[in-house]
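Participant: Dropping the sequence and predicted coords here.
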Amino acid sequence: MTGTSNAPSTVRLLNAALTALLLTTTLSVLPANPANATFPGANGKIAYVSTRDGNDEIYSMTPAGAIQTRLTTNTASDTLPTWSPDGTRIAFNSTRDSIPPFIVSNEIYVMNADGTNQTRLTTGAGNFAPAWSPDGSRIAFQSDRDGNNEIYVMNADGTNPVNLTNNAANDLQPSWSPDGTRIAFVSFRDANFEIYVMNADGTAQTRLTINSTTDANPSWSPESNRITFRRDISGASAEIFVMDASGAQQTRLTLNVVADDDPVWSPDGTQIAFTSDRDINLNVYLMNADGTGQLRLTNFVANNSAPDWQRIAPFPAPPPVGKIAFRSDRNGNNEIYVMNADGGSQTRLTSNVASDDRPAWSLDGSRIAFQSDRDGNDEIYVMNADGSSQTRMTANAAFDSQPTWSPDGTRIAFISTRDGDEQIYLMNANGTGQTRLTSNAARDFDPAWSPDGTRIAFTSTRDGGLEVYVMNADGTGQARLTNNLAPDYSPTWSPDGTRIAFHSFRDGSYEIVVMSANGSGPTNLTNNLDADLFPTWSPDGSRIAFSSDRDLESVEIYVMNADGSNPTRITSNPAEDRDPAWQPVTDTDADGVIDLADNCRLVANNGQSGTGPSQLDADHDGYGNICDADLNNSGLVTTGDFGILRSVLNQVAGSSAIAAAADLNGSGTVTTADFAILRARLNTAPGPSGLTCAGTVPCP
């Protein structure tokens, strides 16, 4: 089949039925261009079609137009690429099943993002313009299998095709809204190609545009609230427009005497990629969502068209507020529980006939230290955040209790009566190296690390009452911060290290008080006649959780703003809930991915080709490429990894899984700079943080 004078066959393909219709109506040929939604996320690569190698093939490139990678290699025409919602696959059209010279078979295929595993989904009639559902389980497409073009939907494996439009006119170019509720499409049912929308099940088919010329190629914005499309103006001129999802506020974005076509949004909603023949050949361009800043991305003596933008899925991460661990006796004895910061999803972590108490999170939020008398007297235990792997850290005839982690996770401060009165001790996170930090005839307890790990606040009776003190992490420089006739104790540092919260009896009842880190400016936050105890800061420092008996029924957990406003009860039961501990949420390498979800936490995952934070793990060993020089997954970086890197030297990262893994610096190409990274990590475990592959060496 042939195309118009200013466009290649790749984006102007029509089946015989549609061609006949257009000839009888004397209208210009409407292309079977892609009409895709853009699913919200970070901006990935752009897939497109190019004739630079002699026929229509699918390529990909970074958003800046760099690192051009060919994905299909076929003597037939491969066109109309569309990314799956998770960015791992591409559906496309191919004529590779044609029987020349008379039978042209357009079918829908799917392949991996690197071009591998190309699989045919449809068989038979002309099938065009695949469009994924937001959950990736289905694909909408146009087909003339019933005599004219209709919009169908099938499972993502090609099974169970269902006709959605069932209309005597031609319905084309489906585009599934990112919220999954609607499908935009193009129809000739009103004797002109206009844009329509329908529910995802085919009901409520509604016209959005009313125009004397062709409106086509609808593409949803990531928020599902706008649609960009192409409108024929006159002669060879077509322009990019945008409108509300209702069809209102139709606004022109481009202004040329040539054809601008194939618009598609960036996943972050800030830009639109499109094609234009303003520079003789069709090329892929980029502009801001308001039409400004138009920039050419491809520059070949060939036609480049049909762009579609890969979504990089949002990074998995727990809620930034973290969870709250606490102690409750709701099941007859003290146990450790955990809940969301709003009190939801309360889950029991320990279960035994002993008393488990005083939970304390490790800085990365992956473990909880606590005290338990399950072995006859109070000892320090450590468990995973889900309650698994409960391990005893101390073992002696005295009482060891009130653990608190150092910020670097290597040490635990605690109190012990092993030398008489309660004193503060320090040990390694595995229980070794137990050392006494305080030594006097009074009681020292309630240790709390400063966020920078240089100091420990604590409570002491050394001056006749209960007061808050501070000392260096090695026990030196002990200094008194509070000076009252009433008890002040249970100190806890704000995340920025500038303030200390504690509870105090200075106003006739126990209240939550906040002071500066040097002890100045103490301020009562709670001001009531009830007992408010054991404060703990949220990771961002905006809130404080605490225990209170203000509702008379029992002691419950409350949360308030850091200024004491809006105290809110988050537990409610006849038992006693107390000793809250707020899970830290940290981003050690400042790459935008919190440590709990970061597979390379000590080195920032800068992303392929500078596209932003990335957790790309090309060899699937649990570590991001940017920190993983263990290319053969042996569990150790060895000279064998040099041979692997050498074998793909100067290859683009997307050319193979090996090249992707060997691109250690994320430049997009395997270069000698990657050798320097590998050399620096020789004879080390995967990742600079020394993490193991899910506890297994060698890595699976």
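Facilitator: Thanks, I have it. What you are looking at is a predicted structure, and each value in this text was computed from that prediction instead of being measured.

Participant: give me the low-pLDDT residue ranges for this protein?
Facilitator: Applying pLDDT under 70 to the chain flags the ranges 1-35, 100-102, 313-321, 552-553, 588-599, 601-622, 654, 687-700.

Participant: Beta-bridge partners for Ile500, please?
Facilitator: Legend: beta-bridge partners of Ile500 under DSSP bridges are Trp493, Met515.

Participant: Now for it: which residues touch it?
Facilitator: Counting by CB atoms under 8 Å, 6 or more residues apart in numbering, Ile500 touches Ala457, Val468, Leu481, Pro491, Thr492, Trp493, Ser494, Val514, Met515, Ser516, Ala517, Gly519. C-beta here means a position set from N, CA and C on the backbone, and glycine is covered the same way.

Participant: okay, now the first one: neighbour count?
Facilitator: Summarising burial for Ala457: neighbours were counted as other CB atoms under 10 Å, giving 22.

Participant: from what I can see it touches Asp444, true?
Facilitator: No: using CB atoms under 8 Å, Ala457 makes no contact with Asp444, being 11.2 Å away.

Participant: nearest to Ser328, of the contacts of Ile500?
Facilitator: Thr492 (19.7 Å; CB to CB).

Participant: how about the strands in the stretch 551-700 of the chain?
Facilitator: For the stretch 551-700 of the chain, applying DSSP state E, counting those that start in this stretch gives strands covering 556-561, 568-569, 577-582.

Participant: buried ones in the first one?
Facilitator: Looking back up the chat, that one is strand 556-561. Buried residues in strand 556-561, counted by 16 or more other CB atoms under 10 Å: Glu556, Ile557, Tyr558, Val559, Met560.

Participant: Same question for stretch 455-474.
Facilitator: 455-461, 465-471, 473.

Participant: and which of the buried residues of strand 556-561 is nearest Val186?
Facilitator: Val559 (52.3 Å).

Participant: before we move on, the earlier item: Serialize the buried residues of strand 556-561 to JSON lines and add fields for distance to Thr498.
Facilitator: Compiled in JSON lines, those are given as follows (distance: CB to CB, whole Å):
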{"residue": "Glu556", "distance to Thr498": "29"}
{"residue": "Ile557", "distance to Thr498": "25"}
{"residue": "Tyr558", "distance to Thr498": "23"}
{"residue": "Val559", "distance to Thr498": "21"}
{"residue": "Met560", "distance to Thr498": "19"}
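
Participant: biggest separation within these, which pair?
Facilitator: Glu556 and Met560 (13.0 Å).

Participant: Any idea how many residues pack against the residue lying closest to Gln651 once chain neighbours are set aside?
Facilitator: Nearest residue to Gln651, sequence neighbours excluded (CB to CB, 6 or more residues apart in numbering): Ala659, at 4.2 Å. Neighbour count for Ala659, taken as other CB under 10 Å: 21.

Participant: Isn't Ala659 up against Ala653?
Facilitator: Yes: at 5.5 Å, Ala659 counts as touching Ala653 under the criterion of CB under 8 Å.

Participant: between the two, what contacts are shared?
Facilitator: What both Ala659 and Ala653 touch, as defined by CB under 8 Å, 6+ apart, is the set Val670.

Participant: got the phi/psi numbers for Gln402?
Facilitator: The phi and psi torsions at Gln402 (degrees, to the nearest 10) take the values phi 50, psi 60.

Participant: Apart from its neighbours in sequence, what residue is nearest it?
Facilitator: Residue nearest to Gln402 in three dimensions, not counting chain neighbours: Ile415, with 4.9 Å by CB to CB, 6+ apart.

Participant: Now do the end-to-end distance for stretch 178-197.
Facilitator: 14 Å (CA to CA, to the nearest Å).

Participant: Narrow the buried residues of stretch 455-474 to those in strands?
Facilitator: Among the buried residues of stretch 455-474, the ones falling in strands (DSSP state E) are Arg455, Ile456, Ala457, Phe458, Thr459, Ser460, Glu467, Val468, Tyr469, Val470, Met471.

Participant: Could you dump these into a markdown table and include distance to Pro535?
Facilitator: A markdown table is the format used below for these (distance: CB to CB, whole Å):
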| residue | distance to Pro535 |
| --- | --- |
| Arg455 | 18 |
| Ile456 | 17 |
| Ala457 | 12 |
| Phe458 | 15 |
| Thr459 | 13 |
| Ser460 | 18 |
| Glu467 | 17 |
| Val468 | 12 |
| Tyr469 | 17 |
| Val470 | 17 |
| Met471 | 20 |
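
Participant: Confirm for me that Asn127 is in contact with Asp146.
Facilitator: No: with contact defined as CB under 8 Å, Asn127 does not count as touching Asp146 (12.0 Å).

Participant: Between those two, which has more neighbouring residues?
Facilitator: More neighbours surround Asn127 than the other of Asn127 and Asp146, with 26 against 12 (other CB under 10 Å).

Participant: Return the distance of that one relative to Gly332.
Facilitator: Asn127 sits 65 Å away from Gly332, going by CB to CB, to the nearest Å.

Participant: now swap in Gly420 and tell me
Facilitator: Gly420 is 33 Å from Gly332, by CB to CB.

Participant: From the neighbour counts alone, determine which of those two ranks first.
Facilitator: More neighbours surround Gly420 than the other of Gly420 and Gly332, with 11 against 8 (other CB under 10 Å).

Participant: contacting residues for the nearest residue to Asn155 once chain neighbours are set aside?
Facilitator: Of all residues not flanking Asn155 in the chain, Arg138 sits nearest, at 5.9 Å (CB to CB, 6+ apart). Going by CB under 8 Å, 6+ apart, Arg138 touches Trp132, Val153, Met154, Asn155, Ala156.

Participant: So which of the residues you listed wins on neighbours?
Facilitator: Neighbour tally across these (other CB under 10 Å): the maximum, 24 neighbours, falls on Trp132.

Participant: just to revisit the earlier point, return the residues in contact with the residue nearest to Gln651.
Facilitator: Ala659 sits next to Val648, Gln651, Val652, Ala653, Val670 when contact means CB under 8 Å, 6+ apart.

Participant: got the residues you listed as TSV, with distance to Ser237 and neighbour count columns?
Facilitator: Shown next, in TSV, are these (distance: CB to CB, whole Å; neighbours: other CB atoms under 10 Å):
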residue	distance to Ser237	neighbour count
Val648	46	22
Gln651	42	17
Val652	37	20
Ala653	39	26
Val670	44	27
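
Participant: okay if I get these as a markdown table plus distance to Gly431?
Facilitator: Listed next are the contacts of Ala659 as a markdown table, based on distance: CB to CB, whole Å:
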| residue | distance to Gly431 |
| --- | --- |
| Val648 | 45 |
| Gln651 | 48 |
| Val652 | 49 |
| Ala653 | 44 |
| Val670 | 44 |
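
Participant: Give me the neighbour count for the spatially closest residue to Ser372 that is not a sequence neighbour.
Facilitator: If the residues on either side of it in the chain are set aside, Ser372 comes closest to Asp356, at 4.6 Å by CB to CB, 6+ apart. Using other CB under 10 Å, Asp356 is surrounded by 24 other residues.

Participant: I am finished for the moment; much appreciated.
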